[in-house]
Structures are given as C-alpha cells and as structure tokens.
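Enquirer: fold the stuff below for me.
(one chain, ligands or ions: 1)
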Amino acid sequence: MSQEENPVEALARRIIAAQGPISLAALMRLANTGMPDSYYQANQPFGPSGDFVTAPEISQMFGELLALAVADHWQQTGSQLPASVVELGPGRGLLMADALRIWRQAAPDFYRCISITMVEASAALARAQAERLGAEATRIAWQADLPEADGPLFLIANEFFDALPIQQFLRTEEGWRERLVNWDEARGFHDALGPVVAAIREPEGDVWEQSTEALVWAERIGARLAAHGGLALVIDYANRPGATSLRGIRRHQMSAPLEALGATDLSAGVDFAALAGAAEAAGAKAHGPIGQGMFLQALGIEARHAQLSARANAAQKRELDSALHQLTDASAMGDSFQVLALMGPNDPFPAIFQNR
Ligand code: SAH
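Expert: Now for the predicted structure:
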C-alpha cells in the first residue's frame, strides 16, 4: 500500500474490499464532496494558486451581466414578489458578491425584496462565501435544497452541474456495461466492467454518460419554474455524446481521474439536452444552449468592458482585455462553455436567445 494514501482513498478502498467494484457515480460523490477530506471540502480549488479558474474568478463582468439578465427577466415578467434567488455551488462567493452590487445599483427593488439561498455541499466553501459576502451574508440562507416559496425563481449555476456524479456505460461486444471502479494492491484504483445492462435508448458512440443527480435538479427547477415562473441560467462545458468526458484537474493540468482521489477535481461534461428535456418534462421552457461568448456579447460585455476600462489604470486595462478574451473568445471559454436558459412556460422569450 502506498504511503501517501489519503482518507478518501482509504475509505474507497475499504468499501471496494467489502462489497466489490463501485459505480463511478459513487466514487465521484465520495471524491468531490462526500466527506470532510473530499476535494471541495479540503482543498482550495480556485484561482492561480489552486487547481482551476472559473468565469466569476476571471472578471466581475461575468456575474454583473448575469445579474442584469436576471433582474431584467424579473421586470419583464411583472416584478412579482416574493421572488427567490438561488445559486447552486457558489465556490468562493464572487459571483453573488458581484450580482448583489449590481442589483443594489441597477435594480434596487429586486435587491431589497429577494430572498437568497445558496446551495453548497462544502462546509469550508460555505464559510468562505459568508466571509466574502460580509454584511450581506446575514440575509442569505445556506441549505441543501431549493427554498419552498410561492414566487418566481431566479437561479444561477456556474460550473455546478459538471461536478455532479455521473455513471458511465461502455459499449462492449456483449452489450452495454457500466464502468465501475475497482482496487487492488498492484494496480491501485482501476476500471472494471459491470454486468451487461439493457440500454433504455440506443445511444450513439461507445460511451454513454448520465447523471441522475443532474436530472433530479433539472426536474425540480423545472417544476418550480412551471408553477411560478422565473429564469434559471446553467453555464457549463458540454459533454461529447458517444465519448468519455470524465476529467481530473489538478493545478491547472489534466490529471488521471483515479490517481489522487480527494486531491483532484473530478468533473464531467454536462448533457444539456438531457437537462433541458427534464426541465421541459416538468413543464418549464428551455432555450439554448448557446455559446458563453455569444451570450455575454448579447448581454453587453463589450459596453461593460469599455465602461470599466475608461476608469482603469494601464495594468487594470490589460486585465480587462484579457478577461474579455478569456470569457468570450472561441479559443478560450467562448464556445466550449455553453449557457442553457430555463424559464416559466408563460414567460416571454428572452431577447438574448433570439435568433439563436
Ligand atoms: N460557481 C463557482 C464554483 C464552481 S466549482 C464558480 O463559478 O467559481 C463547484 C461548486 O459546486 C463548489 O462550490 C462545490 O463545492 C459545489 N458543489 C459540488 N458538488 C455539489 C453538490 N453535490 N451539492 C452542492 N454543491 C456542490
């Protein structure tokens, strides 16, 4: 046994020893959030010194523009109260801080009247979010689920769905078999195959990925939007149907997913069609997904960039230029990240998605 085994690996190994190979979904849950030593509980994932950089970490413009889209939708749909704002997986809390500042300035009625919920599995990150939000934190509820309320829902989820556990099924000569994770002394954690399963639908390619947890969220968000209206914006990188999208990221590099469980960010591309389908089945409308670059451009990122640049010094200007490029350019996050909008069935078509 290697001496560097950490508590996540030790627990996964004991579970496998006791009951045999486990599903990739069970392993991802354990590695990402399932125990105090899991990735999001025990690490500092964000920023240049961490493992990866997300859009709100790149620039305030990202959260500001999403906040404006949300407040605009609220006004377009009759400024109904009470209204709930929910963020799924808020990371270090930057997006919510940027959004609250914009709502306070540009949509004061919305800012005053909303009730805010953050859904965060990591106790350490929930603490970091509360710290970041300072006095605003006193009006925020941290809970595991959507709030129960009778008004419209305004929800933002940036790089949340990609962290949810997936199951993978692989095409073999005998039929579809689930990819499982096994452990032995010689190989450490390694892939194994479960028994042949009947495919519910015949997927293309050789890999079929599904996230039950993602579909549960999409259904529940859809049901709330169907009943009370509102807007949910889901931003993430998409899966590639037929191919594996499971990836490990450590210190800004791709790393073998099973190599350092608990110290590696495990994520998978999001099946936007499946999310949209689940939300629609619950009665909501879905639009997109469209590329993040196109989406931010339609929301006016160029104008916001110009406005901020006008009062920036040379170094800040360079940062703003680089942020604009990273968020919108096709060679960076502009195409690989996609935005799906879910909304109430009677809500107006959002202008941002017109002709897309
Ligand atoms: N939205 C942030 C953080 C993205 S990282 C940003 O853009 O910077 C993923 C976030 O989702 C982290 O905050 C992580 O702790 C949280 N998370 C991951 N799995 C979760 C789960 N099952 N339930 C709740 N939060 C989860």
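
Enquirer: spit out the contact partners of the nearest residue to E259 once chain neighbours are set aside.
Expert: When the adjacent residues along the chain are set aside, E259 lies closest to G248, with 6.9 Å between them (CB to CB, 6 or more residues apart in numbering). Using the backbone N, CA and C atoms, a C-beta is placed for each residue, glycine as well. By CB atoms under 8 Å, 6 or more residues apart in numbering, the contact set of G248 is 254-260, 264-266.

Enquirer: ranking the residues you listed by neighbours, who comes first?
Expert: For the contacts of G248, the largest neighbour count, defined by other CB atoms under 10 Å, is 26 neighbours, found at L266.

Enquirer: how about the residues of the stretch 151-300 of the chain by the ligand?
Expert: 158-160, 163-164 (CB under 6 Å from any ligand atom).

Enquirer: and stretch 283-301, average pLDDT?
Expert: Averaging pLDDT along stretch 283-301 gives 96.

Enquirer: how about it: buried residues?
Expert: Burial within stretch 283-301, assessed by neighbour count using 16 or more other CB atoms under 10 Å, is assigned to 284-301.

Enquirer: which parts of the stretch 151-300 of the chain are strands?
Expert: Along the stretch 151-300 of the chain, the segments classed as strands by DSSP state E, counting those that start in this stretch run 153-158, 167-172, 175-184, 188-197, 207-210, 230-237, 247-250, 253-255, 265-267, 285-291.

Enquirer: among those, which is nearest Q41?
Expert: Among the strands of the stretch 151-300 of the chain, the nearest to Q41 by CB to CB is strand 265-267 (12.4 Å).

Enquirer: what lines up beside the closest one in the sheet?
Expert: Counting by DSSP bridges, the strands paired with strand 265-267 are strand 247-250 (antiparallel).

Enquirer: can I get the strand it pairs with as PDB, trimmed to CA atoms?
Expert: Written as PDB, here are the backbone C-alpha positions of strand 247-250 (Å, rounded to 0.1, in the frame of the first residue of the first chain):
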ATOM      1  CA  ARG A 247     -11.700  14.500 -16.400                       C
ATOM      2  CA  GLY A 248      -9.500  15.200 -13.500                       C
ATOM      3  CA  ILE A 249      -7.900  18.600 -13.000                       C
ATOM      4  CA  ARG A 250      -5.100  19.300 -10.600                       C
END
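
Enquirer: quick one: mean pLDDT over that strand.
Expert: 92.

Enquirer: with stretch 83-98 instead?
Expert: Averaging pLDDT along stretch 83-98 yields 98.

Enquirer: swap in stretch 132-147?
Expert: Mean predicted confidence for stretch 132-147 is 96.

Enquirer: using PDB, write out every CA atom in that stretch.
Expert: Presented in PDB, the C-alpha positions along stretch 132-147 are these (Å, rounded to 0.1, in the frame of the first residue of the first chain):
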ATOM      1  CA  ARG A 132     -16.700  37.200   1.200                       C
ATOM      2  CA  LEU A 133     -20.300  38.500   1.400                       C
ATOM      3  CA  GLY A 134     -19.800  40.200   4.800                       C
ATOM      4  CA  ALA A 135     -22.900  42.000   6.000                       C
ATOM      5  CA  GLU A 136     -24.900  40.600   3.100                       C
ATOM      6  CA  ALA A 137     -24.400  37.100   4.400                       C
ATOM      7  CA  THR A 138     -27.000  37.800   7.200                       C
ATOM      8  CA  ARG A 139     -29.800  37.800   4.600                       C
ATOM      9  CA  ILE A 140     -28.700  34.600   2.900                       C
ATOM     10  CA  ALA A 141     -29.800  31.100   3.700                       C
ATOM     11  CA  TRP A 142     -27.400  28.200   3.100                       C
ATOM     12  CA  GLN A 143     -29.400  25.000   2.600                       C
ATOM     13  CA  ALA A 144     -29.200  21.700   0.600                       C
ATOM     14  CA  ASP A 145     -32.300  22.300  -1.500                       C
ATOM     15  CA  LEU A 146     -34.400  24.800  -3.400                       C
ATOM     16  CA  PRO A 147     -36.400  27.000  -1.000                       C
END
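
Enquirer: any bit of it sitting next to the ligand?
Expert: No: on the criterion CB under 6 Å from any ligand atom, stretch 132-147 is out of touch with the ligand, staying 7.3 Å away.

Enquirer: and that stretch, what's buried?
Expert: In stretch 132-147, residues buried by neighbour count (16+ other CB under 10 Å) are 132-133, 136-137, 140, 142, 146-147.

Enquirer: residue ranges with poor pLDDT in this protein?
Expert: Applying pLDDT under 70 to the predicted model, the residue ranges of the chain that meet it are 1-3, 199-200, 354-356.

Enquirer: now the residue nearest the centre of it. Nearest residue, chain neighbours left out?
Expert: Compute the mean C-alpha point of the chain, and by CA atoms, centre = their mean the closest residue is F160, 1.9 Å away. Counting by CB to CB, 6+ apart, F160 lies nearest to G89, which is 3.4 Å off, once chain neighbours are set aside.

Enquirer: that neighbour and F161, how far apart?
Expert: When CB to CB, to the nearest Å is the yardstick, G89 and F161 sit 8 Å from each other.

Enquirer: more crowded one of these two?
Expert: Comparing G89 with F161 by other CB under 10 Å, the one with more neighbours is F161, at 26 against 23.

Enquirer: pull the contacting residues for that one.
Expert: Residues touching F161, when contacts are defined by CB under 8 Å, 6+ apart, comprise 88, 211, 214, 217, 234, 236, 270, 275.
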